[in-house]
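Enquirer: Fold the following.
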Amino acid sequence: MPPSTPPPPATSVPDIRIPAGLLPADGRFGSGPSKVRTEAVAALAAEAPRLLGTSHRQAPVRGLVGRVRAGLRQLWDLPEGHQVVLGNGGSTVFWDVAAASLIAERSQHLVFGEFGAKFADAAGSAPHLEAPVRVEADPGATPPHPVPPMPGEEVDVYALTHNETSTGVCAPISRPPWANHGELVVVDATSGAGVLGWEPGDVDAYYFAPQKVFAAEGGLWVAVLSPAALARAEELRGAGDQRGAGGRWVPASLDLARAAEESRSDQTLNTPAVSTLFLFVHQLEWVLANGGSEFAAGRSRRSAGVLYGWAEASPYARPFVSDAGARSPVVGTVDLDQSVPAATVCAVLRANGVLDTEPYRKLGRNQLRIGMFPAVDPEDVEALTACVDHVVGRL
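Expert: Here you go, the predicted model:
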């Protein structure tokens, strides 16, 4: 689907006041970070004297890491041998971790948006790796599938994206049937983890950051690693010695085996963002207490049904992703007619306290992008659509 050219940004914001009765109860619709629930912030304030400004090597903070690891194991019913590992930085950092600690020689990347492309670029810039294989589809189109490698282009990692945050496209995740020679399946799950279903047996590294479905702040990456992924990380660094026989030099900050060692002790290599850990735990345990993944997915699906149903019925809007089966339940993208400047609509919404509806900056489309993570109430998504209609009707 070719990109449309958005109109130039508005030089001034029209003075359009949205009636209070139309406004959502909470106007945060960001696609990253997610809205953080008020209850979680209040709980953090109550616990702050015991946690913030204290050692991350002591029991209170290590307890948070342990609750994250135990909660994710429960959420996904992880099999024996799979490990939940935490590290400093976000998913962007994990691309470098994967280039250092998971890709042995060459990777194949499915690219159908900005973030899949960035991982492929990270692997391509690593001097110790062969040029990656890219399997691409246009942004907003049905996502591509892994392909058997050509002779001479054998790969040892298949890099998939579960939910492309930039475009609102989600993709099914499975192990390629021909990948039975030790190849790893590495999945970017940043904006889908916790809502989209997956089978641990099909994935060797399922990595994400907690500022999306898990409604926390940034500053961490989290990965569910299979025994095969843990073994690959050990092998590449040389059986536990960063300069061991047969291994490569791996910086400590990118050493996945070292991160796994720290995580087994409920720690991270360096000081983590403790407020992020706390908000992560609060959201994770809220999801578990209300029914787990089915609860989280149900809230996002209801929001997505409202947004896409409105767009399909609208005379001036339509879902960007034409394949209904590939439309994300957590990040919704809606194109507007060229006669309706999305930049102006977003600016008016922002002036009325309805925030972060702007499209992904590099996609270059006249569209809205709406975060529909579980922390967002579906009723607020419905109110948002009424606000957009109100604004457009007065432009």
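Enquirer: tally of neighbours for the nearest residue to S174 once chain neighbours are set aside?
Expert: Ranked by Cβ to Cβ, 6 or more residues apart in numbering and with sequence neighbours excluded, the top spatial neighbour of S174 is D202, at 5.0 Å. (C-beta placed from N, C-alpha, C; glycine too.) Applying other Cβ atoms under 10 Å, we find 16 other residues in the vicinity of D202.
Enquirer: who are the neighbours in contact with D202?
Expert: By Cβ atoms under 8 Å, 6 or more residues apart in numbering, the contact set of D202 is I173, S174, R175, V185.
Enquirer: Can you tell me which of these are classed as buried?
Expert: I173, R175, V185 (16 or more other Cβ atoms under 10 Å).
Enquirer: from those residues, which single one is nearest A311?
Expert: When the buried ones among the contacts of D202 are ranked by distance to A311 (Cβ to Cβ), I173 comes first, at 26.1 Å.
Enquirer: close enough to count as contact, that closest one and G192?
Expert: No. With contacts counted by Cβ atoms under 8 Å, I173 stays clear of G192, the gap being 9.1 Å.
Enquirer: one step back: and the residue nearest to S174, what's its pLDDT?
Expert: pLDDT for D202: 97.
Enquirer: roughly how far apart are it and A296?
Expert: When Cβ to Cβ, to the nearest Å is applied, the distance between D202 and A296 equals 20 Å.
Enquirer: A228 too?
Expert: 28 Å.
Enquirer: higher neighbour count, those two?
Expert: A296 (28 against 16).
Enquirer: R50 is in what secondary structure piece?
Expert: helix 38-51 (DSSP states H and E).
Enquirer: got the contact list for that helix?
Expert: With Cβ under 8 Å, 6+ apart as the criterion, helix 38-51 contacts D26, P60, V61, L64, A215, V274, S275, F278, L279, H282, Q283, W286.
Enquirer: From those residues, which land in helices?
Expert: P60, V61, L64, V274, S275, F278, L279, H282, Q283, W286 (DSSP state H).
Enquirer: Please list all residues in contact with the fifth one.
Expert: Each residue near S275 by Cβ under 8 Å, 6+ apart is listed here: L44, L52, E217.
Enquirer: Any of those residues buried? List them.
Expert: In the contacts of S275, the ones that pass as buried (16+ other Cβ under 10 Å) are L44, E217.
Enquirer: now the contacts of S275 in TSV, with distance to F115?
Expert: Conversion of the contacts of S275 to TSV gives the following (distance: Cβ to Cβ, whole Å):
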residue	distance to F115
L44	28
L52	31
E217	19
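Enquirer: Let me know the pLDDT of G238.
Expert: 80.
Enquirer: what's the burial count for it?
Expert: 17.
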